[in-house]
Each structure stands twice: as structure tokens, then as C-alpha cells.
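Participant: requesting a structural model of the entry that follows:
(chains A and B)
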Amino acid sequence: MSEVIVCDTNVAIHLTIICPDILKNPPSDCKIVLHQIVKTELHRLSKDPRKSERLKDIFDFILKNVNTYTQLLTLPQDKQIQAHVRFQKFEEGLPETNTAPSSHYDRELLILAKKNSKKLLTNDTKLHQLSTAFLGADKTWRTGDALKNLLSLNSLTKETVQSGLMKMKNPYGEKLNAECQTLLKELGFTFS
Amino acid sequence: MEDIKQRLNKTAFDLALDKRKISQLELANKIGANDKSFSRWVNDGYIYSKYLWDLTETLDLDDQELDEILMLPKHKVFFRKKYLEEPPQEVKQQAIELSKTLFSLTYLNSKSHFFPPNLSKVISAKEVADQIRKTCNISSFNFLKPIVHTLSTQGIEVAIIPFKKLRLVSPDEYETAFSVTNEQRFLIFLDSSAPEELLIFNLCHELCHLFRPDHSYSREEETFCNTVADELIYPQSYFDLRQEDIKKIIDSKSQESMLNLLNNLKYELGGGQFSSAIRLKKLGYFSQKDPLHKKIIDLAEANYKSMPNVETSTFNKFNPEDLNSFKEFWDSSDIYSNILLRFFFHIKNGAINNSITARKFAELFGVDSGAAEELFNKWASTALASLKEP
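Facilitator: From the prediction side, this is the model:
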């Protein structure tokens, strides 16, 4: 079954370290895609000298080799503004979390995923929390969930994932969050 | 992870359904929820958040209906402006975003809900000032730091921030202070580009607005709040008690004695020479027609103009356009020690505790998200290192 998953910047970086082909040539049954707003954000991140120092080849790979996915529906401008306001209101009604409100970018991705009834793939704490609330827990993935699914579909091998995970910290200075690590440890992976 | 649920006001929800002649059953079917479960949730006063989007779209709820159904706090912004026009939407929005952020991060004081008496109908500025003193438990409004501290313990946050650098100014005019309330907590923003003396005055003015919520924006109300601010800093009773002495000094026609008087007022009541002189004028001791009085006021004003403003002393490194300087500001120990930087302390603390994301930080302060992320990583590793220290 064909499935499209909207991918956030942080996961795009992780997947490029672990299994770059998944973004370059995504399998149709687990098509992890980058929308233009994500690619623009990645481009912006690549301009930061300290980030670029660590992740230069990762940014270069994504920006050169990963096409943006153009088949996601977007809202006309007035509806988009209204959608932002609505999500801000929904967010205010959530049980108290003691966290700062969402950013404009967070809501752009939420709206995109909701409007197109797609899953959202993010490691960002706030966006993950909002996506779990407004898209549903089953429609919100982290890097670990994506890897698990790709493994179950045989789109990845355990060896590829393990060798990718070893590269995360060194040389790239990236770290998976605790929940992802737990999930991947349950699948038998180890971390450097 | 489980699906998340949130509060729903059944009465407001039923009203919205009635207006559209649609039943709960029909709606549940349209949004893909189990009709029996849906009815149970609504009766119990909640809904699963994942249905909210489809519910809102299906019913085409307007903003007010949504506020009522979700029982949302209403954010009201009161601007103290040089001119009286409504501020541009983007300025208002940025004000609300900053407020929501601070409300969510100052959770230690989140239980200190502030419920001031409604003094909207009181016509005596002195009476309003007395009530403010009593409710806020502040006897004198002389020095900014203790005022900020006392107010914060009662659920009123005061954030001193550079308005221009945070995009809180309109192209042709500027705001010097504003307050925001979500009807439970209050936040007063003061523009740092003024001497401390003026910040105290603006703070007192904003406090007055908080106690008079029924008044919409008007020139009369602004003037009234200015009078209350004067009364808070320079209580009329102080001058009444010393009426004869003050008159004697003024009648002496001695410039030196009058300047000494202003210095004494500054020493005893705080503020500065200029605001003391203005207060003497408003209370009828100084006359604009008297050349010597006018000269004293002018001298005091010149002195005021030469006073250092808080922005220069505290925010010279806060420059989102110069990342190195911006980072130095955030890494300075002043953030922890200077209560006037309370807003920034909470933001940094929130960053270290993962309560604010780098993206939100970047958006609020107008910096690149990559730079914000690097700043966050640095703070996180520093915090971790300090935890590991013996």
C-alpha cells in the first residue's frame, strides 16, 4: 500500500546519515517526503556556520539529491491564515504543558499533514506533542518509528541501520532522543 | 503515546450544533468518531484533540464559538501609545506571542493568579492608587527592581525588553509600554529605551489599566492612568504634609533651594528631578508662567535627558542582527542576577529545560533557527556539565 509521510528537518538529517537512499529514492509503500518549506528550512540551517561545520555533507546531499514533493495540497492564503489561528486556539485548549507555544513553522507542517491526511515524522519536542494531539498518536512518528517501519517492509537492512546509527554521534554530533533510542534498542540496535 | 483529550464546553457546543441544525450523531459520523463514544465524551466535557480540526471545519466554527467551546483564555492587550490608533496586527500578535511564551514558562508563579478589584467605576485617582498599593502590597513605587520582584510573586510579570529590537514598534509611532492579560495572569511589558524613572512611571500607568478593565481605549482613560501613576510615585499626602515647607522654599525664589528640593524629593520618593518637578507643577506649586519655575523644570528636563537609559546599560549586546554580540548577551551572568532581565532568564531556563524550542526562540527574537539551535545545544551541554560537577 502506498503511504506518504511528511518529514521534518531533524528527521531528514538523521535519515540522510543513516540511510540516504530512503530520501533520495523513497520506497512507494513508505514514501518519506520533503515539502518545499522543509527544504527551505534545511537550506537556512545549512547557512549557520557551526551547524554546517558538523553537517556540511548531509546538507549538501539533501539539497542536491532529494527532490521536494509537490503533490501535497496547500491551502489558499486566507484559509492558511485561518488554519494557523485555529491551530493556535486548539493548542491553547490543551492541558497545561508549561511549554512555549508553537512556531509558525510547526503549524505549517501540522496544517500540511492534516490537510493531506498524512503522517508527520518529527523529532522536535513541541511539534511531536502537537502532532500527537491534533493528528493522533498513530499519525505521528519519530526517526525510530520510520526505521522500524522501513525494516519491516524490507526497504532497509539491519546492517545499514546499525552502521548508520554508529555514524550519528561521530562524526556528525547528532543524537536520537531517548524514546527513539529505547525503541531501537528493543529492535536489537546498539549506540556508540 | 496515547491520543490527547481536552476540555469542551457542552453548552456552547450544543448551541453551535443547534444553530447548524446538526445532531451529535451526524457530526460524529462526519468526523469519523464513534457516535456513542463521542456522545459520552461531550457529556463528560471533553473531546479527543485529533477530532478538533475536522469538527471545526465541518461546523465552520467562528473564532468566538471556538473560544467558548474550548473554554480558552482571552488574551487582551492594552497598549500605552504615543498616539491613540489601534496598533498594527503584527505588533499586537508579537505582543501576544511574547506573553503566551512568558505565561507558559513562568510556571513557578502560575498558581499566583492575580484577581485585582475592578476599579473601573472609581473616579478618584487617589482612591485607585491606594487600592493598587494595598492589593499589590507595595507601599512605595520608588525603585524598579523591588517593584518587579514583589509583583512577580503575585502573578504579575514585568518584562523589560527592547521594543524596537523585538519588532514591537509600528513604522510611524512607538509604544512605550503595554500590558497583556489572559484574565488570570498579567504581564506588563516596558520598553527599555528610557531611563529607569520613566519605566517606573509607565509600570504604574499599566498597573492602573489592569485595575480598570472595563475601560476601552480613550484619551481620558490614558490621562486618568497618568494621574494614578503620579499619585503612586508621588503621593499627594506626602506633599500635603509638607505643604508649608515646600511653599517656603518655592517662595524663596532661590534656584539652588528649589533644585535641592527636587533632589530631596528624588531621595525620599525615588524617580528623578524632572518627574518631581512635573509633579510639583501638577499640584500647583510650580507655575509655567513663572520664569524661574520654568527654568527649574527645563533644568530638570535637561538632567532627565542626560540620564542613561536602561537599553544602553542592559541591552547593548542584545542585537539579533549581530549574532556574536547576541550570543554574548545570552551567555552573560547578568541574566541570572539582574531581575530586570527576568524575561530573558525565563526564556533561557525554558530552553535548557526543553520548554521552548529553538524554532520558537528564533521566531520570537528574529534570528536564524540554525543559530538558535546551536545556542540551545551549548546551553544544554553547559547545564549537563554543571550537573556532573562534584
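Participant: from here on, contacts and neighbour counts on C-alpha atoms
Facilitator: Fine.
Participant: name the SS class of residue B:74, please.
Facilitator: The three-state label given to residue B:74 by DSSP: H, G, I helix; E, B strand; the rest coil is coil.
Participant: so it touches residue B:183, yeah?
Facilitator: Yes: with contact defined as Cα atoms under 8 Å, residue B:74 reaches residue B:183; the gap is 6.6 Å.
Participant: so residue B:94 is in which element?
Facilitator: According to DSSP states H and E, residue B:94 maps onto helix B:89-105.
Participant: who's in contact with the residue of chain A most remote from its centre?
Facilitator: Relative to the centre of chain A, the most outlying C-alpha is that of residue A:78, 26.6 Å out, by Cα atoms, centre = their mean. Residues near residue A:78 by Cα atoms under 8 Å, 6 or more residues apart in numbering or on different chains: none.
Participant: which element is it on?
Facilitator: helix A:77-92.
Participant: enumerate the residues of the stretch 1-150 of chain B near chain A.
Facilitator: B:1-7, B:48-53, B:63, B:66-67, B:70-73, B:97, B:100-102, B:104-107 (Cα under 8 Å from any Cα of the partner chain).
Participant: kindly recompute the last result at 6 Å.
Facilitator: Proximity of the stretch 1-150 of chain B to chain A (Cα under 6 Å from any Cα of the partner chain) is limited to residues B:1-4, B:6, B:49-50, B:70, B:72, B:101, B:104-105.
Participant: which of these are buried?
Facilitator: B:4, B:6, B:49-50, B:70, B:72, B:101, B:104-105 (16 or more other Cα atoms under 10 Å in any protein chain shown).
Participant: now these as a markdown table including pLDDT and distance to residue A:8?
Facilitator: As requested, those are exported to a markdown table (pLDDT from 0 to 100; distance: Cα to Cα, whole Å):
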| residue | pLDDT | distance to residue A:8 |
| --- | --- | --- |
| B:4 | 93 | 22 |
| B:6 | 94 | 26 |
| B:49 | 96 | 22 |
| B:50 | 96 | 20 |
| B:70 | 96 | 29 |
| B:72 | 90 | 29 |
| B:101 | 90 | 23 |
| B:104 | 84 | 25 |
| B:105 | 82 | 25 |
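Participant: mind picking the two most distant members of the residues you listed?
Facilitator: B:50 and B:105 (25.2 Å; Cα to Cα).
Participant: where does pLDDT dip in chain A?
Facilitator: A:1, A:192 (pLDDT under 70).
Participant: quick one, strands of it?
Facilitator: With DSSP state E as the criterion, chain A has strands at A:4-7, A:31-33, A:119-121, A:140-141.
Participant: the last one pairs with which strands?
Facilitator: To tie it back to what came earlier, the one meant is strand A:140-141. Strand A:140-141 has the following strand partners under DSSP bridges: strand A:119-121 (parallel).
Participant: again with the first one
Facilitator: Each strand paired with strand A:4-7, and its direction, by DSSP bridges: strand A:31-33 (parallel), strand A:119-121 (parallel).
Participant: adding mean neighbour count as columns, could you present the ones you listed in JSON lines?
Facilitator: Formatted as JSON lines, those follow (neighbours: other Cα atoms under 10 Å in any protein chain shown):
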{"stretch": "strand A:31-33", "mean neighbour count": "24"}
{"stretch": "strand A:119-121", "mean neighbour count": "27"}
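Participant: any idea how far residue B:273 is from the closest residue to residue A:107 other than its chain neighbours?
Facilitator: In space, and not counting its chain neighbours, residue A:107 is closest to residue A:84: 6.3 Å by Cα to Cα, 6 or more residues apart in numbering or on different chains. Per Cα to Cα, to the nearest Å, residue A:84 is found 49 Å from residue B:273.
Participant: got the buried residues for the next helix or strand after the helix holding residue B:94?
Facilitator: Using DSSP H and E, the next helix or strand after helix B:89-105 towards the C-terminus is helix B:125-136. By neighbour count on 16+ other Cα under 10 Å, the buried set for helix B:125-136 is B:125-126, B:128-132, B:136.
Participant: so what's the gap between helix B:125-136 and the chain middle?
Facilitator: 19 Å (Cα atoms, centre = their mean, to the nearest Å).
Participant: list the buried residues for the following helix or strand past that helix?
Facilitator: The C-terminal neighbour of helix B:125-136 among helices and strands, as given by DSSP H and E, is helix B:144-152. When burial is assessed from 16+ other Cα under 10 Å, helix B:144-152 yields the following buried residues: B:144, B:147-149, B:151-152.
Participant: hang on, the earlier thing: what lies in contact with the helix holding residue B:94?
Facilitator: A:98-100, B:168 (Cα atoms under 6 Å, 6 or more residues apart in numbering or on different chains).
Participant: could I get stretch B:182-193 in PDB with only the CA atoms?
Facilitator: Coordinates of each C-alpha in stretch B:182-193 appear next as PDB, following Å, rounded to 0.1, in the frame of the first residue of the first chain:
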ATOM      1  CA  ASN B 182      -5.400  36.200  29.900                       C
ATOM      2  CA  GLU B 183      -7.800  37.100  32.700                       C
ATOM      3  CA  GLN B 184      -5.900  35.100  35.200                       C
ATOM      4  CA  ARG B 185      -2.400  36.400  35.000                       C
ATOM      5  CA  PHE B 186      -0.900  39.700  33.900                       C
ATOM      6  CA  LEU B 187       2.100  40.700  32.100                       C
ATOM      7  CA  ILE B 188       3.400  44.200  31.700                       C
ATOM      8  CA  PHE B 189       6.000  45.000  29.000                       C
ATOM      9  CA  LEU B 190       8.100  48.100  29.300                       C
ATOM     10  CA  ASP B 191      10.300  49.400  26.600                       C
ATOM     11  CA  SER B 192      13.900  49.600  27.800                       C
ATOM     12  CA  SER B 193      14.800  52.700  25.700                       C
END
